[in-house]
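Asker: I would like to see how this sequence folds:
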Amino acid sequence: MHKRCYGTRRLRVELRRKGYHVGRQRLRTVMRRRGLHALQPKAFTPRTTDSTHGLRCAPNWLLHQPKPTQANQV
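Answerer: Numbers count the residues shown, from 1 in each chain. Down below sits the predicted model:
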């Protein structure tokens, strides 16, 4: 969804619908002269684990069991 953020491509389509025939480079030049520019969406920032959350860690229940003597015992 564009939320009324128009660049030269979208602006050209809208102007053509209204009957004006202009090229993208002409739009680019006019927009630059008037100080207009399209708003760029924010870059995606992945949300990773917050290691400084301050919550308690889960208890280690394996500490209270006897040590395994073979592989795949626990």
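
Asker: Which parts of the protein are helices?
Answerer: Along the chain, counting by DSSP state H, helices occupy 8-17, 24-33.

Asker: Dump the ones you listed into JSON lines; add distance to Gln73, mean neighbour count and mean pLDDT as well.
Answerer: C-betas here are computed from N, CA, C, even on glycine. Converted to JSON lines, the helices of the chain look like this (distance: least, CB to CB, whole Å; neighbours: other CB atoms under 10 Å; pLDDT from 0 to 100):
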{"stretch": "helix 8-17", "distance to Gln73": "63", "mean neighbour count": "13", "mean pLDDT": "92"}
{"stretch": "helix 24-33", "distance to Gln73": "69", "mean neighbour count": "13", "mean pLDDT": "93"}
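
Asker: out of those, nearest to Gln40?
Answerer: Within the helices of the chain, the stretch nearest Gln40 is helix 8-17; the backing value is 13.3 Å (CB to CB).

Asker: Turn the helices of the chain into JSON lines, including distance to Pro68.
Answerer: Output for the helices of the chain, formatted as JSON lines (distance: least, CB to CB, whole Å):
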{"stretch": "helix 8-17", "distance to Pro68": "64"}
{"stretch": "helix 24-33", "distance to Pro68": "69"}
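
Asker: Between those helices, which one is closest to Lys67.
Answerer: Evaluated over those, closeness to Lys67 peaks at helix 8-17, with 66.5 Å, by CB to CB.

Asker: Which neighbouring elements make contact with the closest one?
Answerer: Contact here means 3 or more CB pairs under 8 Å, 6 or more residues apart in numbering; DSSP states H and E; on that basis helix 8-17 packs against helix 24-33.

Asker: can you list the residues that contact the helix it packs on?
Answerer: 8-9, 11-12, 15, 37 (CB atoms under 8 Å, 6 or more residues apart in numbering).

Asker: Same check on stretch 49-62?
Answerer: With CB under 8 Å, 6+ apart as the test, stretch 49-62 has contacts from Val74.

Asker: Number the chain from 37, please
Answerer: All set: I'll call the first residue 37, so the last point we hit is now stretch 85-98.

Asker: Span of it from start to end?
Answerer: Stretch 85-98 has an end-to-end distance of 24 Å (criterion: CA to CA, to the nearest Å).
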